[in-house]
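>>> What shape does this take:
(one chain, ligands or ions: 1)
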Amino acid sequence: MSLTLAQADPDVAAALDHETLRQHEGLEMIASENFVSEAVLEAAGSIFTNKYAEGYPGRRYYGGCEFSDVVENLARDRAKQLFGAEHANVQPHSGSQANASAYAAVIQPGDTILGLDLSHGGHLTHGHKLSFSGKLYRPTFYTVRRDTELIDYDQMEEIAERERPKVIIGGGSAYPRLWDFARMRAIADKVGATYVFDMAHIAGLVAGGVHPSPIPHAHITTTTTHKTLRGPRAGLILCGKDYSVGPKPEQTIGKEIDRSVFPGQQGGPLMHIVAAKAVALGEALRPEFKTYAAQIVANAKVLAAELKEAGFRIVSGGTDNHLMLVDVFEKGILGSEAELALGKAGITVNKNTIPYDVNPPMKASGIRIGTPAMTTRGMKEPEMVVIGAWIAKALDRRNDDAALEQIRKEVAELANRFPLYAWRRAQ
Ligand code: PLP
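A predicted model of the protein is given here:
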């Protein structure tokens, strides 16, 4: 029991060391990633991983849950305070399980759902045929408009009236603009649907007050906790004030959701992750988090402007949040080639389809770039200008390994000026 990881399992320890170095020396520009604080890391790696705590605080199926209750209550209360919610379930292991639980709380297999098409910025769990959501339910999709690349709410309304979905889902993984929450709620009300908003990408911006909140509009709001919110890898479900649309009048969606998460979708909660969520939510309640969230958006705007200046087309013309989609195919570059070249230059991004893409998802016409992780490391507008220039240069010189290696060295120098974890620096 007393061996260190390096002694007990040198292979895993070596992979961990390499990953630490990779995270430290590269520029993490994947829009869905972030760096948690050391306090969150400590809770996530804690002995709460040893504990079974099926059930909810005060009503557990196991003994010895008094301290599990403490951290789960802290997480629930902080989530409610942070987002102005009436109800919070902090147990979902992931964003996908949060969505599965939200749907199962209000609809039956075979019912129709309406979500944003994956290739227009949606998420797999919003009805894609390979996901539980497209297999269990009857999926229908809305898209963005071809001319503006903004959500087509008229089309959404038309489809909702025709298909009568039981759930309408907002939110996505690659949509750089604001959502019209009120319009979506009006459409849902018109057809008697439950409005679920998946704020996984923007949760930290909502928490930081730099993005409007879906909570007052949606019946159910789901999220991951590890993107802009900067918590551990996990999920969270919230309900605003207007959430009494359960199947029976006396039941609230909150109760249905709790049953839907456990025992509906999951067994024992990951208590170490629930503890880490409590820590992260506590951090997000501090004034510094507002500054952080504002800087994420400011950085994204500068980076998008810089790439535009370098001649790239930005989908929808820019960004209102933490991410942008760059149409690299307009310059004859596949998203997959761009991802590879930038990887060689030490800049991690992901290839991404763009609306009405002519290329398949594994090649794609775009790349998705986000600023949350680099903002956590303290980078601001001047660094975004430099990074924009590197991205443009790396894409231009994508077949020149020497040029990419040179950028990689410069990238590592910059990254070292914005160190990550103290324990890493001490090594
Ligand atoms: N919802 C959205 C909008 C997402 O972007 C993601 C992840 O990328 C998820 C849900 C799923 O989260 P997880 O990977 O934790 O299952």
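>>> Can you give me the distance of the closest residue to Arg138 other than its chain neighbours to Pro165?
Excluding the flanking residues, the one nearest Arg138 by Cβ to Cβ, 6 or more residues apart in numbering is Thr112, at 4.5 Å. C-beta here means a position set from N, CA and C on the backbone, and glycine is covered the same way. Distance, Thr112 to Pro165, by Cβ to Cβ, to the nearest Å: 4 Å.
>>> list the residues that contact both of these two?
Between them, Thr112 and Pro165 share these contacting residues under Cβ atoms under 8 Å, 6 or more residues apart in numbering: Thr140.
>>> Pick out whichever of the two has more residues nearby.
Pro165 (26 against 19; other Cβ atoms under 10 Å).
>>> ok, that one touching Ile113?
Yes - with contact defined as Cβ atoms under 8 Å, Pro165 counts as touching Ile113 (5.5 Å).
>>> Common neighbours of these two, please.
With Cβ under 8 Å, 6+ apart, Pro165 and Ile113 have common neighbours Thr140.
>>> returning to what we had before: please tell me how far the residue nearest to Arg138 sits from the ligand.
For Thr112, the distance to the ligand (Cβ to the nearest ligand atom, to the nearest Å) stands at 20 Å.
>>> quick one: whichever strand or helix holds Val326 to chain centroid distance?
Val326 is part of strand 323-327 when elements are defined by DSSP states H and E. Distance of strand 323-327 from the chain centroid (Cα atoms, centre = their mean, to the nearest Å) equals 16 Å.
>>> near the ligand at all, that strand?
No - using Cβ under 6 Å from any ligand atom, strand 323-327 stays clear of the ligand, coming no nearer than 10.2 Å.
>>> by contact count, what packs against the helix or strand just after that strand?
Downstream of strand 323-327, the first helix or strand assigned by DSSP H and E is helix 335-344. When contacts are defined as 3 or more Cβ pairs under 8 Å, 6 or more residues apart in numbering; DSSP states H and E, helix 335-344 packs onto strand 350-352, strand 366-370, helix 381-396, helix 401-417.
>>> got the angle between helix 335-344 and helix 401-417?
Angle, helix 335-344 to helix 401-417, by axes from the mean of the first three to the mean of the last three Cα atoms, to 10 degrees: 60 degrees.
>>> Which strands or helices does the next helix or strand after helix 335-344 pack on?
Sequence order places strand 347-348 as the next helix or strand after helix 335-344, per DSSP H and E. Packing partners of strand 347-348 (3+ Cβ pairs under 8 Å, 6+ apart): strand 27-28, helix 381-396.
>>> gap between the longest one and the chain center?
I take that to be helix 381-396. 24 Å.
>>> I'd assumed Ile168 was in contact with the residue nearest to Arg138.
No - shown here, Thr112 and Ile168 do not form a contact pair, counting by Cβ under 8 Å, at 9.8 Å.
>>> how about the residue nearest to Arg138, phi and psi?
Per-residue torsions, Thr112: phi -90, psi 140 (degrees, to the nearest 10).
>>> which ones are touching it?
Residues near Thr112 by Cβ under 8 Å, 6+ apart: 137-140, 163-166.
>>> how is the protein carved up into domains?
43-284, 291-425 (automatic domain parsing).
>>> Quick one: end-to-end length of the first one, please.
For domain 43-284, the first and last residues are 16 Å from each other (Cα to Cα, to the nearest Å).
>>> quick one: contacts for the residue in the chain that the ligand sits nearest to?
In the chain, no residue comes nearer to the ligand than Gly95, which is 2.5 Å away by Cβ to the nearest ligand atom. Residues near Gly95 by Cβ under 8 Å, 6+ apart: 123, 125, 198, 200, 222-224, 235.
>>> So for it, what's the pLDDT?
With respect to pLDDT, Gly95 scores 98.
>>> Neighbours of Ser2, how many?
By other Cβ under 10 Å, the burial measure for Ser2, its neighbour count, is 5.
>>> Could you report the pLDDT at it?
At Ser2, pLDDT is 86.
>>> Run the chain-centre distance for stretch 28-43.
12 Å.
>>> Same question for it: list its buried residues.
28-37, 40-41, 43 (16 or more other Cβ atoms under 10 Å).
>>> any chance of those in CSV, plus distance to Lys255 and pLDDT?
Formatted as CSV, the buried residues of stretch 28-43 follow (distance: Cβ to Cβ, whole Å; pLDDT from 0 to 100):
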residue, distance to Lys255, pLDDT
Glu28, 39, 96
Met29, 41, 97
Ile30, 36, 97
Ala31, 34, 97
Ser32, 31, 97
Glu33, 34, 97
Asn34, 32, 97
Phe35, 36, 97
Val36, 31, 98
Ser37, 33, 97
Val40, 30, 98
Leu41, 34, 97
Ala43, 28, 98
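>>> give me the low-pLDDT residue ranges for the protein?
Scanning the chain for pLDDT under 70 picks out 1, 242-251, 423-427.
>>> Show me what from it comes close to the ligand.
Residues of the chain lying near the ligand (Cβ under 6 Å from any ligand atom): 32, 94-96, 99, 123, 125, 171-173, 198, 200-201, 224, 235.
>>> List just the nearest of these to Ala300.
His201 (11.7 Å; Cβ to Cβ).
>>> show me what contacts the closest one?
Here His201 is in contact with 31-32, 171-173, 175, 227-228, 321-323 (criterion: Cβ under 8 Å, 6+ apart).
>>> Sort out which of those residues are in helices and list them.
Among those, DSSP state H puts none in helices.
>>> For Asn359, the count of nearby residues, please.
Count around Asn359 with other Cβ under 10 Å applied: 16.
>>> give me the element it is part of.
Going by DSSP H and E, Asn359 is not in any helix or strand.
>>> hang on, it packs against Gly366?
No - using Cβ under 8 Å, Asn359 is not in contact with Gly366; the gap is 9.0 Å.
>>> what is in contact with those two at once?
Counting by Cβ under 8 Å, 6+ apart, the contacts common to Asn359 and Gly366 are 329, 335, 353.
>>> I'd like those residues as a markdown table, with distance to Pro382 and neighbour count appended.
Formatted as a markdown table, the shared contacts of Asn359 and Gly366 follow (distance: Cβ to Cβ, whole Å; neighbours: other Cβ atoms under 10 Å):
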| residue | distance to Pro382 | neighbour count |
| --- | --- | --- |
| Phe329 | 30 | 21 |
| Gly335 | 28 | 28 |
| Thr353 | 32 | 24 |
